[in-house]
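Enquirer: Return a 3D structure for these sequence lines:
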Amino acid sequence: MGIFDIFKKKEPHYDSTNIRVQDLDVGFVFEYDLSTWEVQAIYEYDWGDDYFTREFKVSNGALTRYLAIEEDDELEISLSEKVKIRTLGVDLMSSLMERQKPPQTINYNGVSYLLEKEAPGYFHDIAKGDSWEEFRSWDFVDKEGKHILTIEQWGDKEFEASVGIILQEFEISNILPASN
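Expert: Sure, this is the predicted structure:
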């Protein structure tokens, strides 16, 4: 690196004429559902066999949500919010701790969610360095495939839950990079 290299602009990791949801980074903004959202953090999940997914903590100033992106055979996008696990069922936590198995169906706010998959994985907060945390995840989807519910187990007795919706890529628009 020469002395003049410090004045060179770093090349972006995306096509600036066609920024896609996969290009999101901290500070990027986008529009969804008539609101502007800003990416505040990026999380990475390692599901084994070199399969990784990303999740973005986003805020519109009033609400905080989690935008998950999964590129398997096709692009899958979901937007979720955290909920207290006790709201999913009085006995759910104790059942998970005792049997290590969730129920096949969970009803929440008038939506019936069916267990779709269970997966162990590792979580990484990109801003916090290279440390990875092990966890287990159970994903539920409604019959129409529009709503999702996820339960995560961290350690022996810590559980988190989130509910959300499946999005199509076109629903996220006007993606702009951070202004700096």
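Enquirer: now the strands for the chain?
Expert: All strands of the chain, identified by DSSP state E, fall at 29-32, 35-46, 52-59, 64-71, 75-83, 105-108, 111-125, 133-142, 147-154, 158-167, 173-176.
Enquirer: what residue ranges in the protein are flagged as low confidence?
Expert: Across the chain, residues meeting the criterion (pLDDT under 70) sit at 1-10, 180.
Enquirer: E55 against V39, yeah?
Expert: No. With contacts counted by C-beta atoms under 8 Å, E55 stays clear of V39, the gap being 10.5 Å. Quick note: C-beta positions are derived from backbone N, CA and C, even for glycine.
Enquirer: Find the residues that touch each one of these two.
Expert: For the pair E55 and V39, residues contacting each of them under the criterion C-beta atoms under 8 Å, 6 or more residues apart in numbering are L67.
Enquirer: one step back: ok, which of the strands of the chain comes nearest M93?
Expert: Within the strands of the chain, the stretch nearest M93 is strand 158-167; the backing value is 5.7 Å (C-beta to C-beta).
Enquirer: picking up where we left off before, relative to S16, which of the strands of the chain is closest?
Expert: Distances from S16 to each of the strands of the chain were compared using C-beta to C-beta; the minimum, 9.7 Å, belongs to strand 173-176.
Enquirer: Can you list the strands that that closest one pairs with?
Expert: Partner strands and pairing direction for strand 173-176 (DSSP bridges) are strand 29-32 (antiparallel).
Enquirer: In the strand it pairs with, which residues are buried?
Expert: Under the neighbour-count criterion of 16 or more other C-beta atoms under 10 Å, strand 29-32 has V29, F30, Y32 buried.
Enquirer: The residue nearest to the last one when sequence neighbours are not counted: neighbour count?
Expert: Right, Y32. Here the nearest residue to Y32 in space, its sequence neighbours aside, is I172; by C-beta to C-beta, 6 or more residues apart in numbering that works out to 5.2 Å. I172 is flanked by 20 other residues according to other C-beta atoms under 10 Å.
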